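S.K.: sharing a sequence plus its predicted fold:
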Amino acid sequence: MNNTKPILGIFGGTFDPIHYGHLRCALHVQQACHLEQVRLMPCHLPAHRASPGVSAEQRADMVRLAIADYPQLALELLELQQHRPSYSAISLAQLALQYPEHQLAFILGMDAFNQFTRWHRWQQILQLADLIVCQRPEYQTLSAESQALLLHRQVQQAVDLQQPGKGRILVLDNPLHPISATELRHSLPELNACPAWLPPAVWNYIRLHKLYS
Ligand SMILES: Nc1ncnc2c1ncn2[C@@H]1O[C@H](COP(=O)(O)OP(=O)(O)OP(=O)(O)O)[C@@H](O)[C@H]1O
Ligand SMILES: O=C(O)c1ccc[n+]([C@@H]2O[C@H](COP(=O)([O-])O)[C@@H](O)[C@H]2O)c1
């Protein structure tokens, strides 16, 4: 039996700033997994790292600019609108209530997946959503904890997520994008032109607001 509920992808991130690694992964996942939409959700107060120097509103503005040409992508403001640590388990519980007619899939890179069993109430996430893991250069070795999770939960094909269910994990065979926001933040002060890994509209925003200088 096919699942009649469309799948909504939730791609959480600090997006400090958003770059083509994020954008191309979001577009690839949406198409490869037949997601109705991918909603990019900037975290407000990251629970797991220092607060970014750029405000949550500005990080969201950059996401909005980066996705403007792609109707299959949308900005999810849930975490920005709440003054609490941005725990994915809490956000997904709220999104599940907000989108009862959809099945949820949380999208994350391999580096994030390798830390997943240290997340706040991570077991609850697997009761609320499937995980779609994007491969990322330099992070292609799975931690022992991630391997253990995959043992019982991994599905091999995107089409498997169309069946009713939750807590399944798909590791995608996606094109690799060797870029990180950390690297960008370090190189941006030296750059005079838009680098290949940044959407031009995001570059213009960074220049206009003198970010990362
Ligand atoms: N180049 C990439 N390829 C695949 N996944 C990526 C890539 N860059 C980021 N991601 C994933 O996108 C999500 C949000 O990442 P984040 O906003 O932290 O970007 P980042 O480039 O990892 O930033 P930073 O270097 O500041 O940690 C995470 O799940 C991360 O694994
Ligand atoms: O909920 C948690 O404990 C948790 C711990 C680490 C990361 N996350 C989420 O994972 C997403 C990617 O995180 P990051 O640091 O790679 O931007 C982002 O939505 C974070 O809020 C969530």
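M.R.: Perfect, thanks for sending it. Numbering: from 1, shown residues only. Ligands and ions are numbered 1, 2, ... in the order given.
S.K.: and this structure, which of its residues are near ligand 1?
M.R.: 13-16, 21-22, 25, 108-109, 111-112, 134, 136, 177, 179-182 (C-beta under 6 Å from any ligand atom). In short, each C-beta sits where N, CA and C put it, glycine included.
S.K.: which of those residues are close to ligand 2?
M.R.: 13, 14, 108, 112.
S.K.: tell me how far the first one lies from residue 26.
M.R.: Taking C-beta to C-beta, to the nearest Å as the measure, residue 13 and residue 26 are separated by 10 Å.
S.K.: ok, the third one next?
M.R.: Between residue 108 and residue 26 the computed distance is 12 Å (C-beta to C-beta).
S.K.: returning to what we had before: mind checking which of the residues of the chain next to ligand 1 are in helices?
M.R.: 21, 22, 25, 111, 112, 181, 182 (DSSP state H).
S.K.: need those residues in TSV (columns: pLDDT and neighbour count).
M.R.: Output for those, formatted as TSV (pLDDT from 0 to 100; neighbours: other C-beta atoms under 10 Å):
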residue	pLDDT	neighbour count
21	97	21
22	98	24
25	98	25
111	96	14
112	96	20
181	96	20
182	95	9
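S.K.: just give me the closest of these to residue 47.
M.R.: residue 112 (12.6 Å; C-beta to C-beta).
S.K.: show me the contacts for residue 21.
M.R.: Contacts for residue 21 were tallied using C-beta atoms under 8 Å, 6 or more residues apart in numbering; they are 136, 177, 178, 179, 180, 197.
S.K.: do that again at 10 Å, thanks
M.R.: By C-beta atoms under 10 Å, 6 or more residues apart in numbering, the contact list for residue 21 reads 109, 134, 136-137, 176-181, 183-184, 197.
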